[in-house]
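Student: Sharing a model that was predicted from the sequence below.
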Amino acid sequence: MDVAFLVSKEGIEQAELTEPWKAVEHAGHNPRLISPEPGKVQAFHHLDPADSFTVDMTVADARAGDFGALVLPGGVANGDLLRWQPEAVEFVREFTALGRPIAVICHGGWVLIEAEAVSGKRLTSWPSMRTDFRNAGATWVDEPLVVDGNLISSRKPDDLPMFNQALTEALDR
């Protein structure tokens, strides 16, 4: 199955992209990097530039129904930039309507808020997003992993082992 990894042009927390990517591949699935712009995206180790990655397709060319799951990596700039992209927000809305797994970590949840996809959901994130989620109608908790229906959420890179396990288990259902 193809798994969409939706990111902005820059500011992606590298471990929150590469570690779930490897887990998806190890589970026998095909990760696909999707972004509003073609070309390359720039990852970071917190505030320091890290590697760049080639985009597989633009979000304008992606159809939610072609993917079995959606991963929203974190990174402050990534999450903030992505929520301002109408095509990205619409892609998340379409994905939410399908009810397929959505795995989000750290600041990746800002696009979920913008897509009005968190009301009534229980989730976690980087603590600074607590008020944003609560204002959007979600129940925010400070836990390393929260699974609420099709929504899988974690707080930070330290949570990646549990996050990756929950993601791959959801792919095998």
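Tutor: That came in fine, so what should we check first? These numbers were taken from a predicted model, which means no experiment stands behind them.
Student: Residue 147 and residue 94, how far apart?
Tutor: Distance, residue 147 to residue 94, by CB to CB, to the nearest Å: 22 Å. (Glycine included, C-beta is placed from N, CA and C.)
Student: my bad, residue 117
Tutor: Distance from residue 117 to residue 94, counting by CB to CB: 10 Å.
Student: Which one's more surrounded, these two?
Tutor: Neighbours were counted for residue 117 and for residue 94 using other CB atoms under 10 Å; residue 117 has more, 21 against 15.
Student: Residue 14 against residue 49, yeah?
Tutor: No - between residue 14 and residue 49 there is no contact under CB atoms under 8 Å: 9.5 Å.
Student: more crowded one of these two?
Tutor: residue 14 (21 against 12).
Student: Once you drop chain neighbours, what's closest to that one?
Tutor: Closest residue to residue 14 apart from its sequence neighbours, by CB to CB, 6 or more residues apart in numbering: residue 43 at 3.8 Å.
Student: can you give me the mean pLDDT across the strand or helix carrying that neighbour?
Tutor: Residue 43 is part of strand 40-45 when elements are defined by DSSP states H and E. Average pLDDT, strand 40-45: 98.
Student: Direction included, what does it pair against?
Tutor: Strand pairing for strand 40-45, using DSSP bridges, gives strand 10-13 (parallel), strand 48-54 (antiparallel).
Student: Those: which one's closest to residue 74?
Tutor: Among those, the nearest to residue 74 by CB to CB is strand 10-13 (4.7 Å).
Student: List the buried residues of the closest one.
Tutor: The neighbour-count check on strand 10-13 (16 or more other CB atoms under 10 Å) flags 10, 11, 12, 13 as buried.
Student: Tell me the confidence at the residue nearest to the second one when sequence neighbours are not counted?
Tutor: Think residue 11. Spatial nearest neighbour of residue 11, chain neighbours left out: residue 77 (2.5 Å); criterion: CB to CB, 6+ apart. If you check residue 77, the pLDDT there is 96.
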